[in-house]
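>>> Have a look; sequence and predicted model below, questions after that.
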Amino acid sequence: MDLIHVNTVVRPRDEAALPGWAEGDAFVGGGTWLFSDPQPQVRRLVDLSAVSWTPIVETASEVVIAANCTYRQLEAHNWSSLPAGRIFATAIRSLSSSFKTYGLATVGGNIGLAFAKGMMTPVFITLDATYELATAGTGNTRLVSAAAFQTGVCKTILRPGEYVRSIRVPRAAFTRRLVLRRAAHSATSHVTAMVIGATDPGTGATTLTLSGALAYPVRFTVNASASPSAQVDTICAAHPLIADSHGSASYRQLLLRELAAEALAALATPDHAA
């Protein structure tokens, strides 16, 4: 689809050159989704993909992933010293998009779109990530938790002119044992329901992050003395479920129950793949 209403494209390499926000602006990550839907309200595209951020930086305390880090860069990074990083490749391979987009599609783009089917947000929630948000043309920034960022389907806490600059993950979170389980109509269709299970070796606590079936991902700590299905039902009763052509709300809730049981079983097994 042609973006016939767009009359300007800005693609700076220096973040300081980003223009101040104006009505009709839209930030672009990789742009792989941009042509899939009409964008009649957009007059100017502000392309962040060329900004010269380092894709991934490891420090003693955290791992910082630039918003314009591509799927290919994220997947190719050496995660051998950070075992939980293997989950990124699993999440990327679970996307409905073609592998041909992996060199263009960005982590920040997936987060910012805030689709219920998005794979990056539930992963970062599970890893206790923090997002650094910046406002174009002002130099203002703020930090928010990944869990608080998405508020609904295609809804976030981003303010006008604000964009995701980076994702910051505590290094300690990468010691967790993670497992991802998903349900979809086919290998190439987007997820109908997804669960990410995590066990922290330090505290012994196990958490489940429910996604795909809900309007936004929700994470909770598993109570070992209670039924996992009952705990999933409690979450579903407190948060909006999605109902569309891919499945009713009750069907998606049933999938979440099954996937939660699978994730917990996998975490109880000494050897499992992310």
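Great, that's in hand.
>>> dump the residue contacts of the residue lying closest to D25 once chain neighbours are set aside.
Closest residue to D25 apart from its sequence neighbours, by CB to CB, 6 or more residues apart in numbering: R44 at 5.0 Å. Placement of C-beta: from N, CA and C, glycine included. By CB atoms under 8 Å, 6 or more residues apart in numbering, the contact set of R44 is V6, N7, T8, V9, V10, A22, G24, D25, A26.
>>> same deal with S52?
Residues counted as contacts of S52 (CB under 8 Å, 6+ apart) are R13, D14, E15.
>>> which of these has the most neighbours?
E15 (15 neighbours; other CB atoms under 10 Å).
>>> Which elements pack onto the top helix by length along the chain?
Longest helix of the chain, by residue count under DSSP state H: helix 249-267. For helix 249-267, the helices and strands in contact under the criterion 3 or more CB pairs under 8 Å, 6 or more residues apart in numbering; DSSP states H and E are strand 177-184, strand 191-199, strand 206-211, helix 228-238.
>>> and among these, the most buried is which?
strand 191-199 (a mean of 26; mean count of other CB atoms under 10 Å).
>>> What mean pLDDT does that one get?
What strand 191-199 shows for mean pLDDT is 95.
>>> Where does pLDDT dip in this structure?
In the predicted model, the chain carries pLDDT under 70 at residues 1-2, 31-33, 35, 96-99, 186-188, 271-274.
>>> What segments of it are helices?
71-76, 86-93, 107-113, 120-126, 146-149, 228-238, 249-267.
>>> Find the nearest non-adjacent residue to Q41, please.
G24 (6.5 Å).
>>> now that neighbour: how far from D200?
As defined by CB to CB, to the nearest Å, G24 lies at a distance of 45 Å from D200.
>>> can you check T151 too?
Where D200 is concerned, T151 sits at a distance of 26 Å (CB to CB).
>>> likewise R142?
According to CB to CB, R142 and D200 sit 27 Å apart.
>>> Please say which of the two ends up with more neighbours.
Higher neighbour count among R142 and D200: D200, with 16 against 12, using other CB under 10 Å.
>>> how close does the more buried one get to R43?
Distance from D200 to R43, by CB to CB: 47 Å.
>>> Likewise for T121?
Counting by CB to CB - T121 and R43 are separated by 28 Å.
>>> of these two, who's got more company?
Neighbour totals were compared for T121 and R43, and T121 leads with 28 against 16 (other CB under 10 Å).
>>> any idea how the chain splits into domains?
8-47, 56-172, 176-267 (automatic domain parsing).
>>> And the shortest one, end to end?
Read that as domain 8-47. End-to-end distance for domain 8-47: 11 Å, by CA to CA, to the nearest Å.
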